[in-house]
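Trainee: after the sequence you'll find the predicted model.
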Amino acid sequence: AQSVSQHNHHVILSEAASLELGCNYSYGGTVNLFWYVQYPGQHLQLLLKYFSGDPLVKGIKGFEAEFIKSKFSFNLRKPSVQWSDTAEYFCAVTSAVGGYQKVTFGIGTKLQVIP
Amino acid sequence: DGGITQSPKYLFRKEGQNVTLSCEQNLNHDAMYWYRQDPGQGLRLIYYSQIVNDFQKGDIAEGYSVSREKKESFPLTVTSAQKNPTAFYLCASSPSSGTPYNEQFFGPGTRLTVL
């Protein structure tokens, strides 16, 4: 069965601190990996995604994530957070199962950035 | 202005009543999804549809039903059999079926409260 684990459920950082949010998945086949963000009062939106090629992917607003296949991980990073990064972050994995796109989300990490 | 519309934003129902949540998209996407978002549990997949007149159960389909008679519409009915229906419901769509690397686009959500 496909699953996603996000280890940090609530993170509090000061502005300019570095951020790393953990995401591990379990699935034996080919996967595609996503990070979504939900800013307060806004829709969930895509932050970045990986499906092939360079395992280091860059997304919007200075975020990046690295796919490490041997560790089944896709951690999200940002060198210096801003107050506007306060949001909930979701890791997701998709795979093709029987011709359908199977999608699984992690439970989310709430990030609070203190000015 | 393309996007996903969910209505209403807030919905109140008495226990034992069925209620239908609306989801409409004008993005010409083939695939549509319903999720339930609860605090500390992330997004859990209820039902998904990769094409008109076809849909599949997700991880927590019990007590829910859907239909996909039109490409742009994917209504969700919360039946009286759903034991804990009070939640935030999110609808999403993605461009094509069977293509796992497509991102999902989310609606604003409907908060259902059963009294």
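Mentor: Looks like it came in fine. Residues are numbered from 1 along each chain as shown, chains lettered A, B, ... in the order given.

Trainee: contacts, neighbours, all on C-alpha from now
Mentor: Fine.

Trainee: so what's the residue of chain B found nearest chain A up against?
Mentor: Evaluated by CA to the nearest CA, chain B has B:Gly42 as its residue closest to chain A, separated by 3.6 Å. B:Gly42 is in contact with A:90, A:105-108, counting by CA atoms under 8 Å, 6 or more residues apart in numbering or on different chains.

Trainee: check those residues and tell me the two furthest apart.
Mentor: A:Phe105 and A:Gly108 (8.0 Å; CA to CA).

Trainee: ok, those two, which is more surrounded?
Mentor: A:Gly108 (29 against 26; other CA atoms under 10 Å in any protein chain shown).

Trainee: so how far is A:Cys91 from that one?
Mentor: 7 Å (CA to CA, to the nearest Å).

Trainee: shared neighbours, the two?
Mentor: Counting by CA under 8 Å, 6+ apart, the shared contacts of A:Gly108 and A:Cys91 are A:Gln6.

Trainee: now A:Gly29. Nearest residue, chain neighbours left out?
Mentor: Nearest residue to A:Gly29 in three dimensions, chain neighbours excluded: A:Ser95, at 7.7 Å (CA to CA, 6 or more residues apart in numbering or on different chains).

Trainee: does that neighbour touch A:Phe34 like I think?
Mentor: No: the criterion here is CA atoms under 8 Å, and A:Ser95 misses it with A:Phe34 at 11.5 Å.

Trainee: who is B:Asp38 paired with across the strands?
Mentor: B:Gly42 (DSSP bridges).

Trainee: would you confirm that it contacts B:Pro85?
Mentor: No: if you go by CA under 8 Å, B:Asp38 and B:Pro85 don't touch, sitting 10.5 Å apart.

Trainee: right, is the helix or strand of chain A with the lowest mean pLDDT up against chain B?
Mentor: When the helices and strands of chain A are compared on mean pLDDT, DSSP states H and E, strand A:100-105 comes out lowest with a mean of 81. Yes: for strand A:100-105, a contact with chain B is found by CA under 8 Å from any CA of the partner chain, at A:100-105.

Trainee: give me the helices and strands touching that strand, please.
Mentor: The contact analysis (3 or more CA pairs under 8 Å, 6 or more residues apart in numbering or on different chains; DSSP states H and E) places strand A:100-105 against strand A:3-5, strand A:87-97, strand B:42-51.

Trainee: make it 6 Å
Mentor: Contacts defined by 3 or more CA pairs under 6 Å, 6 or more residues apart in numbering or on different chains; DSSP states H and E place strand A:100-105 against strand A:87-97.

Trainee: okay, buried residues for the strand it packs on please.
Mentor: Using 16 or more other CA atoms under 10 Å in any protein chain shown as the burial criterion, the residues of strand A:87-97 that qualify are A:87-96.

Trainee: residues making contact with that strand?
Mentor: A:31-39, A:101-106, A:108-111, B:100 (CA atoms under 6 Å, 6 or more residues apart in numbering or on different chains).

Trainee: off-centre distance for it?
Mentor: With CA atoms, centre = their mean, to the nearest Å as the basis, strand A:87-97 stands 7 Å off its chain's centre.

Trainee: distance of A:Leu48 from chain B?
Mentor: Using CA to the nearest CA, to the nearest Å, one obtains 9 Å as the distance from A:Leu48 to chain B.

Trainee: just the strands from the chain, written as ranges.
Mentor: All of this is about chain A. For chain A, the strands defined by DSSP state E cover A:3-5, A:10-14, A:19-21, A:24-26, A:32-38, A:44-50, A:56-58, A:64-68, A:73-78, A:87-97, A:100-105, A:109-114.

Trainee: switch to chain B, that's the one I care about
Mentor: B:4-7, B:10-13, B:19-25, B:31-38, B:42-51, B:54-57, B:64-66, B:76-78, B:87-94, B:105-106, B:110-114.
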